[in-house]
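Asker: here is a sequence together with a model predicted from it:
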Amino acid sequence: MAEKPGGRVLIVDDEASLLKTFRYCLEDAGHTVSSAQNAEQATALVQSRVFDVCFLDLRLGDSSGIDLLPVLKAAAPWLRVVMVTAHSSVDNAVEAMRAGAADYLVKPCSPEQLRIAAAKHLHARRLELRLEELERGAAKPVDRGQLESRSPAMAQVLETARQVAESTANILVLGESGTGKGVLAKAIHEWSGRADGPFVTVNSPGLSGELFESELFGHRKGAFTGAIQNSPGRASQADGGTLFLDEIGEVSMALQPKLLRFLQDKQYESVGDPVTRQADVRLIAATNRDLAAMVKQGTFREDLLYRLDVIRIVLPPLRERPEDIVGLAEGFLAEFVNTHRCRARSFSEPAQHALQAHRWPGNIRELRNVIERASILCRSEVIEARDLALVDGGAGPSATARPGAALSLLALEREHILAVLGSAESLEVAAKQLGIDVSTLYRKRKQYGI
């Protein structure tokens, strides 16, 4: 499928006629265009909005585009700046490229040259976004196996999700820990008209108030200890796409008013920066907590809940989807055969019965962990019930349930964390059971790829 245009372009030039010509040309190509006639206007626009590409004239009256370039790049490090210059100043344009410009155009340029340049740098910007998503682990394709179900309850959830995907309304996904709320959020994004835009996740647990605000809204260099450079924040990175706030119930009361304002007006300020910014995002939030009960307890704002809860989707726990358990297990096994080069290829009938009889308090996450462990430790092509090492009461796999299986200290720690996560109702509960704080558990999950 051809990539859609839809880029956000800024044109900076002191000639009104050229601004008008450039705008018409780029808008006809499907881009959203803003313009500025001087450095002050351009700086204000870049500070308050998100742009992908900027066409910057080398000469802006009495000022220079080369002098403005570092100011724009400081405010928006991702911005791809194309210097527009006359024939006689190509050397200056090359100098500008050394200073951070991505390209240059020589005036007069044809409409086709302008459109090609915009498309080229928009494509490059999208590749950068994809790379950032890959580095965050958010760009992995949706695990379609988790979205295939023979359960009537789950089928209804998926039908609703597809139906609301094309809207811009906020969505609140509810469900126990491990039910696949993040997978569903990513699927909704891919089913929506924003699929070509970024999908950005903010994990609330493990982040203090200031760090969460910085993660979401960005910060200015020097705003706090450790802020060694400007950071745009996840809201800015999600502009034009979807912002997924995982475990929204963990957001502190102090930050909830700022989040409410962002939901209402799509406006925010970065930490340590008074400039008001805008971001066009579709918001999906998820939690395993009872937000209505938290409102009554005074730990969650009622007006924020109303803003989040425009469309509610409740994911059923795995124990209410018994017809899906074996199919999910087989899908995970196929994945681990490729990942770990395992011998196991199938489940015996007793193993299937054991999977269906288990209560799965950790839901799909627990099931995945159990199958990964069994696939690694099983020494034959068929996984037996004993290989699953299911503990009565659904506590998950036991690191000592397989006599003779030698595991390193790190592997034992990973297994223990997996088991606790599989049975705990939330990350906070799991951290308490493990005797560590939530931020440490968050780091351990990243370390072990959990």
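Answerer: Cool, the structure landed. All figures in this text were calculated on a predicted structure; none of them were measured in a lab.

Asker: show me the shaky parts of the stretch 301-450 of the chain.
Answerer: 391-412, 422-426, 446, 448-450 (pLDDT under 70).

Asker: now do the same contact list for residue 147.
Answerer: 158, 183-184, 187 (Cβ atoms under 8 Å, 6 or more residues apart in numbering). No exception for glycine: its C-beta is placed from N, CA and C like everyone else's.

Asker: and of those, the nearest to residue 301?
Answerer: Minimum distance to residue 301 across the contacts of residue 147 is 24.6 Å, recorded for residue 184 (Cβ to Cβ).

Asker: return the closest of the contacts of residue 147 with respect to residue 241.
Answerer: For these, the nearest to residue 241 is residue 187 (14.2 Å; Cβ to Cβ).

Asker: from residue 20, how far out is the closest one?
Answerer: 42 Å (Cβ to Cβ, to the nearest Å).

Asker: neighbour-wise, which of the two wins?
Answerer: The neighbour count for residue 187 versus residue 20, taken as other Cβ atoms under 10 Å, is higher for residue 187 (21 against 12).

Asker: is it true that the more buried one touches residue 160?
Answerer: No - checked against Cβ atoms under 8 Å, the pair residue 187 and residue 160 is beyond contact range at 11.9 Å.

Asker: what pLDDT does the model give residue 300?
Answerer: For residue 300, the pLDDT comes out at 96.

Asker: can you pull out the low-pLDDT segments for the stretch 151-300 of the chain?
Answerer: 205-209, 227.

Asker: where do the helices of it begin and end?
Answerer: 152-165, 181-191, 209-217, 234-237, 256-265, 291-297 (DSSP state H, counting those that start in this stretch).

Asker: roughly how far is stretch 110-119 from the heart of the chain?
Answerer: 31 Å (Cα atoms, centre = their mean, to the nearest Å).

Asker: same thing with stretch 216-227?
Answerer: With Cα atoms, centre = their mean, you get 20 Å for stretch 216-227.

Asker: give the contact list for residue 39.
Answerer: Counted by Cβ under 8 Å, 6+ apart, residue 39 has contacts 12, 60, 63, 67-68, 71.

Asker: name the residues of the longest helix seen in the chain that are buried.
Answerer: Counting residues, the longest helix found in the chain (DSSP state H) is helix 111-136. For helix 111-136, burial by neighbour count (16 or more other Cβ atoms under 10 Å) applies to 114-115, 117-119, 121-122, 125-126, 129, 133.

Asker: CA atoms of the helix or strand hosting residue 43 as PDB?
Answerer: Here residue 43 sits within helix 39-48, counting by DSSP states H and E. Only the C-alpha atoms of helix 39-48 are listed here, as PDB (Å, rounded to 0.1, in the frame of the first residue of the first chain):
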ATOM      1  CA  ALA A  39      12.400  34.300  12.800                       C
ATOM      2  CA  GLU A  40      10.100  35.200  15.700                       C
ATOM      3  CA  GLN A  41       7.000  33.800  14.000                       C
ATOM      4  CA  ALA A  42       8.900  30.600  13.000                       C
ATOM      5  CA  THR A  43      10.300  30.100  16.500                       C
ATOM      6  CA  ALA A  44       6.900  30.500  18.100                       C
ATOM      7  CA  LEU A  45       5.300  28.000  15.700                       C
ATOM      8  CA  VAL A  46       8.000  25.300  16.200                       C
ATOM      9  CA  GLN A  47       7.800  25.700  20.000                       C
ATOM     10  CA  SER A  48       4.000  25.300  20.100                       C
END
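
Asker: partners of the next helix or strand after that helix in the sheet?
Answerer: Moving toward the C-terminus from helix 39-48, the next helix or strand (DSSP H and E) is strand 53-57. Applying DSSP bridges, strand 53-57 is found paired with strand 8-12 (parallel), strand 80-86 (parallel).

Asker: give me the residues contacting strand 53-57.
Answerer: With Cβ under 8 Å, 6+ apart as the contact definition, strand 53-57 has outside contacts at 7-15, 18, 22, 42, 46, 65, 68-69, 72, 79-85, 101, 105, 114, 117-118, 121-122, 125.

Asker: picking up where we left off before, could the contacts of residue 39 be laid out in a markdown table, adding secondary structure, neighbour count and pLDDT?
Answerer: Listed next are the contacts of residue 39 as a markdown table, based on DSSP: H, G, I helix; E, B strand; the rest coil; neighbours: other Cβ atoms under 10 Å; pLDDT from 0 to 100:
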| residue | secondary structure | neighbour count | pLDDT |
| --- | --- | --- | --- |
| 12 | strand | 26 | 95 |
| 60 | strand | 21 | 88 |
| 63 | strand | 13 | 85 |
| 67 | helix | 11 | 90 |
| 68 | helix | 24 | 93 |
| 71 | helix | 14 | 91 |
